[in-house]
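In: here is a sequence with its predicted model. Questions after.
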Amino acid sequence: MLEIKNLHACVEGEDEQILKGVNLTINKGEIHAIMGPNGSGKSTLAKVVSGHPEYEITEGEIIFEGEDITELDADERAHLGLFLAFQYPIEVPGITNRTLLRESYNTIARENGREELDPLEFDDYLKERLEVIDMKDEFLERSINTGFSGGEKKKNEVFQMAVLNPKLAFMDETDSGLDIDALKVVSDGINKIAGPENAIVLITHYQRLLNYITPDHVHVMMNGRIVKSAGKELALELEDQGYEQLEKEFSVNGEAQ
Amino acid sequence: MSTAVQEKETILNFLDGDFGPGSNIPAIAGLNEKGTGNISEFPFPTKKDEDWRFTDLRSISRNHFVPVSEAGANPVGDISEYYLPEATNSRLVFVNGEFNPELSSTSDIPENVVVGNMTAYSDHKILETHLGKYTNYDEDQDVFAALNDANFKDGGFIYVPKETKVETPIHILNIFTDAEKAFYATPRVLFVGEAYSKATIVEEHVALTQNEYLNVTVNEFKLFEGAHVHHARIQRDSKKANHISRPIAHLDKYAEYHSYTICLGAKLFRNDPRVVQNDEEVDFTIDGLVLIDGDQIADTHSAIDHRHWHAKSHQLHKVVVNDEAHSIFNGKIFVREDSQKIDSFQENRNLLLSVDGTVHTKPQLEIFSDDVLCSHGATIGHLNEDEVFYLHSRGLTKKKARELLVYAFTLESIETMEVESVHKLLLDEVVKYTSRDEEFVAVGK
């Protein structure tokens, strides 16, 4: 489904590479976890894949369902079925969740030659999808993330994903800052959405989320590269040992190789 | 120039006309006479005048305007698309400043209420008593209010007697037609609301073509004790027009006056709204919403005068600027000595969609009382890049993302519109304003 080959990227207009040759293959039906210490490039990878204009790809390519999407704008990637759950969801005062989601859902439907939903049909659909994150109808009338608690913002990202039904979602630290109840709701939601036809990439700093969602693959990212990939047991190993052991293993003179 | 001392310029340098008392209504004739004197006396403003520092008046001073009668103006055709469904029979139409009885309709106006052209009320005591009594623009040697005084013959006259409510909105529709020559027009409105009366006014300025003209408007609103007025002002002049606007409201005890000025058109729009508090416990609003692009200039110089105890005032002035457009805001708020318990809110928020747009903003508070709550603020910013990306990543095109964000920015102002069709009209205008294809600027926080 997704193939990232030797991906190098930097902040637009700056020299320093943040991604230094990422290789990653994701297949339909899989859940991946990308772990790693702060500043390792995890979030950058998610943003680059979703088409954030702040980053420039200097080398390598991103192939999604056989198509090179490296040059596509963020909206075009969304039309193809990519989704980014933001680490820090943006507040947009004045635009309700309902307005955004209807515009978003219908745009994606239109771009894919599917039928758009009229406001009434869409309302029914939204209400059904609200169950995924256990939220009430009022949630739809609120301005996007405006005045939301940290947990509500993260739930809103999962809700948007539930509505838009992407083929591939990158979830950037969707677990961070959640209390135990919210973490359960969020991970339940993700588990409900995950299926044989889609794929999910969880970007996380901690193993905590993986108690609730079982990944098929775990990758460790350090200094702009994926340095280790294995099954779910890798997460437990990291929980025990921390990243220090790996950092030593993959660094010489303080520079990762 | 051979003379050493250059003669000062007056507005008469830029227009033709035979001025003088030209009405059989004494109140109008009196103002014509006063105005005629003033326009030959008052100097035309320059950038050296503090109130005109940032305002480029060359679209007036490099032009020459003639009276409508000499302009070869096109007759007006079918303008029903501009009628408000809520005000089908409570509408006054002025074409290039002149009253048009055929296009006007006032059959839904209650019998004891006056909604009509001033010239039809030659013996009306209220008109005689109030016309011209509230404008104070002469104190500033304002050439434009003086031109209106000198030139106007027709004008909207609205009188709502005691404890009377006018159920339908009153639509004052100013239409401007194409003409061979640039002309000047001087729309005028007098509104008098007696004690505990209530009315909604929609004042609109619409151009049928994109021609050059000079539209100089004076509005006088007198609200007696407990009178309530909702006043929507929609300016859709030609993008080559100059519109100079002088609306003033005088409020007696318990009066409520809420005005919302929406600026969409005109090459140059200069609006000097003023509110004068005559007694305690008044409540008023002079909000503004400006959507400009190209080389438009929109300038608001407001003055709010708190003279007595217990006033609540509100001024939210929102501006969206694209291309090389220029917005100016100067918001004077006076709180006089011994006018305590004043609650005054002023905010000017500016959204720049381009790098070449210009915004000047100046809150100007002069407070001579101590028990006063005056909040004021001014912000200037671009669209937030993070917000744009967030919407973009959800599949919305950049154009749609911009439309939604500008819509969200303006919503607070648009939602204050009481008349449903005006509300709808403004939402359409926002879509029109944002539906261009060009790139726009967004920056990070």
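Out: Here it is on my side, so go on. Computed from a predicted model, the values in this text were never measured in an experiment. Numbers count the residues shown, from 1 in each chain, chains lettered A, B, ... in the order given.
In: residue ranges with poor pLDDT in chain A?
Out: Chain A contains residues with pLDDT under 70 at A:251-257.
In: what does it put close to chain B?
Out: A:50-54, A:73-75, A:77-79, A:83-84, A:86, A:89-90, A:92-95, A:99-100, A:103-104, A:107-108, A:111, A:143-144, A:160, A:164 (CB under 8 Å from any CB of the partner chain). In short, each C-beta sits where N, CA and C put it, glycine included.
In: weed out the non-buried ones from those residues.
Out: Buried by 16 or more other CB atoms under 10 Å in any protein chain shown: A:50-52, A:74-75, A:77-79, A:83-84, A:86, A:89-90, A:92, A:94-95, A:99-100, A:103-104, A:107-108, A:143-144, A:160, A:164, out of the residues of chain A next to chain B.
In: which of the residues you listed fall in helices?
Out: A:50, A:74-75, A:77-79, A:99-100, A:103-104, A:107-108, A:160, A:164 (DSSP state H).
In: which SS class is B:Lys153?
Out: coil (DSSP: H, G, I helix; E, B strand; the rest coil).
In: that one reaches B:Asn24, doesn't it?
Out: No: the criterion here is CB atoms under 8 Å, and B:Lys153 misses it with B:Asn24 at 9.8 Å.
In: so these two - more neighbours on which side?
Out: Using other CB atoms under 10 Å in any protein chain shown as the criterion, B:Lys153 and B:Asn24 rank with B:Lys153 on top: 19 against 10.
In: ok, the more buried one to B:Ala185 distance?
Out: From B:Lys153 over to B:Ala185 the distance is 11 Å, taken as CB to CB, to the nearest Å.
In: what touches both of these two?
Out: B:Glu98 (CB atoms under 8 Å, 6 or more residues apart in numbering or on different chains).
In: picking up where we left off before, shared neighbours, B:Lys153 and B:Asn24?
Out: Joint contacts of B:Lys153 and B:Asn24 (CB under 8 Å, 6+ apart) are B:Thr119.
In: show me the beta-bridge partners of B:Thr361.
Out: B:Phe329 (DSSP bridges).
In: contact partners for it?
Out: B:Thr361 makes contact with B:327-330, B:348, B:350, B:378, B:380, according to CB under 8 Å, 6+ apart.
In: A helix includes B:Ile234, no?
Out: No: read with three-state DSSP, B:Ile234 is strand and lies in no helix.
In: I'd like the distance between the residue nearest to A:Leu117 when sequence neighbours are not counted and A:Leu140.
Out: In space, and not counting its chain neighbours, A:Leu117 is closest to A:Tyr125: 6.2 Å by CB to CB, 6 or more residues apart in numbering or on different chains. Separation of A:Tyr125 from A:Leu140 (CB to CB): 11 Å.
In: same thing with B:Ala298?
Out: Counting by CB to CB, the gap from B:Ala298 to A:Leu140 is 36 Å.
In: A:Asp240 now?
Out: Distance, A:Asp240 to A:Leu140, using CB to CB: 43 Å.
In: same check on A:Glu237?
Out: Distance from A:Glu237 to A:Leu140, by CB to CB: 42 Å.
In: how about B:Lys133?
Out: 53 Å.
In: which one of the two has more residues nearby?
Out: Comparing B:Lys133 with A:Leu140 by other CB under 10 Å, the one with more neighbours is A:Leu140, at 18 against 12.
In: who touches B:Val192 in this structure?
Out: So B:Val192 contacts B:126, B:130, B:158-160, B:222, B:224 (CB under 8 Å, 6+ apart).
In: just to revisit the earlier point, which SS state does the residue nearest to A:Leu117 fall under?
Out: Counting by three-state DSSP, the backbone at A:Tyr125 sits in helix.
In: residues near it, how many?
Out: Neighbours of A:Tyr125 (other CB under 10 Å): 15.
In: so it touches A:Asn165, yeah?
Out: No: A:Tyr125 lies out of contact with A:Asn165 (CB under 8 Å); the separation is 10.3 Å.
In: now the stretch 101-250 of chain B against chain A: closest residue?
Out: Across the stretch 101-250 of chain B, no residue is closer to chain A than B:Ala232, which sits at 20.5 Å (CB to the nearest CB).
In: return the distance of the host helix or strand of B:Ser59 from the chain's centre.
Out: According to DSSP states H and E, B:Ser59 maps onto helix B:58-61. Its chain's C-alpha centre and that of helix B:58-61 lie 19 Å apart, by CA atoms, centre = their mean, to the nearest Å.
In: pull the CA atoms of that helix into CSV?
Out: The C-alpha trace of helix B:58-61 is given here as CSV (Å, rounded to 0.1, in the frame of the first residue of the first chain):
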residue,chain,number,x,y,z
ARG,B,58,-6.4,61.4,-5.5
SER,B,59,-9.3,59.4,-6.8
ILE,B,60,-11.3,62.6,-6.1
SER,B,61,-8.7,65.3,-6.6
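In: can you name the next helix or strand after it?
Out: Following helix B:58-61 in sequence, per DSSP H and E, is strand B:66-67.
In: by contact count, what packs against that following strand?
Out: Here strand B:66-67 touches strand B:183-185, going by 3 or more CB pairs under 8 Å, 6 or more residues apart in numbering or on different chains; DSSP states H and E.
In: neighbouring strands - and their directions - for the helix or strand following the strand it packs on?
Out: As assigned by DSSP H and E, the chain's next helix or strand after strand B:183-185 is strand B:188-193. If you go by DSSP bridges, strand B:188-193 pairs up with strand B:156-160 (parallel), strand B:213-223 (parallel).
In: list the contacts for the nearest residue to B:Gly395 once chain neighbours are set aside?
Out: Take B:Gly395 and drop its neighbours on the chain: the residue closest to it by CB to CB, 6+ apart is A:Ala78, 3.7 Å away. By CB under 8 Å, 6+ apart, A:Ala78 lies in contact with A:50, A:104, A:108, A:164, A:166, B:392-395.
In: what does the helix holding B:Ser59 rub up against?
Out: B:9, B:13-14, B:44, B:214, B:240, B:242, B:267-268, B:297.
In: buried stuff in it?
Out: Buried residues in helix B:58-61 (16+ other CB under 10 Å): B:59-60.
In: for B:Ile234, see how far away the residue of chain A found nearest chain B is.
Out: Per CB to the nearest CB, A:Gly94 is where chain A lies closest to chain B, at 2.8 Å. Separation of A:Gly94 from B:Ile234 (CB to CB) stands at 21 Å.
In: and B:Ala87, by the same measure?
Out: 13 Å.
In: also B:Val218?
Out: Distance from B:Val218 to B:Ile234, counting by CB to CB: 17 Å.
In: between these two, who's got more neighbours?
Out: B:Val218 (29 against 22).
In: these two touch, right, that one and B:Tyr134?
Out: No: look at B:Val218 against B:Tyr134 with CB under 8 Å: they stay out of range, at 9.6 Å.
In: just the helices in the chain please.
Out: No chain specified, so I'll use chain A. Shown for chain A, the helices assigned by DSSP H span residues A:42-50, A:74-80, A:97-111, A:119-130, A:138-141, A:150-164, A:180-193, A:233-241, A:244-249.
In: hmm, no, I was thinking of chain B.
Out: B:26-41, B:58-61, B:125-130, B:143-151, B:385-393, B:398-414, B:420-434.
In: winner for burial among those helices?
Out: helix B:143-151 (a mean of 27; mean count of other CB atoms under 10 Å in any protein chain shown).
In: restrict that one to CA atoms and write it as PDB.
Out: Taking C-alpha atoms only, helix B:143-151 is exported to PDB below (Å, rounded to 0.1, in the frame of the first residue of the first chain):
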ATOM      1  CA  VAL B 143     -16.000  69.500   3.100                       C
ATOM      2  CA  PHE B 144     -18.000  66.400   2.400                       C
ATOM      3  CA  ALA B 145     -20.800  66.900   4.900                       C
ATOM      4  CA  ALA B 146     -20.800  70.500   3.600                       C
ATOM      5  CA  LEU B 147     -21.200  69.300   0.000                       C
ATOM      6  CA  ASN B 148     -24.100  67.100   1.100                       C
ATOM      7  CA  ASP B 149     -25.700  70.100   2.900                       C
ATOM      8  CA  ALA B 150     -25.200  72.300  -0.100                       C
ATOM      9  CA  ASN B 151     -26.500  69.900  -2.700                       C
END
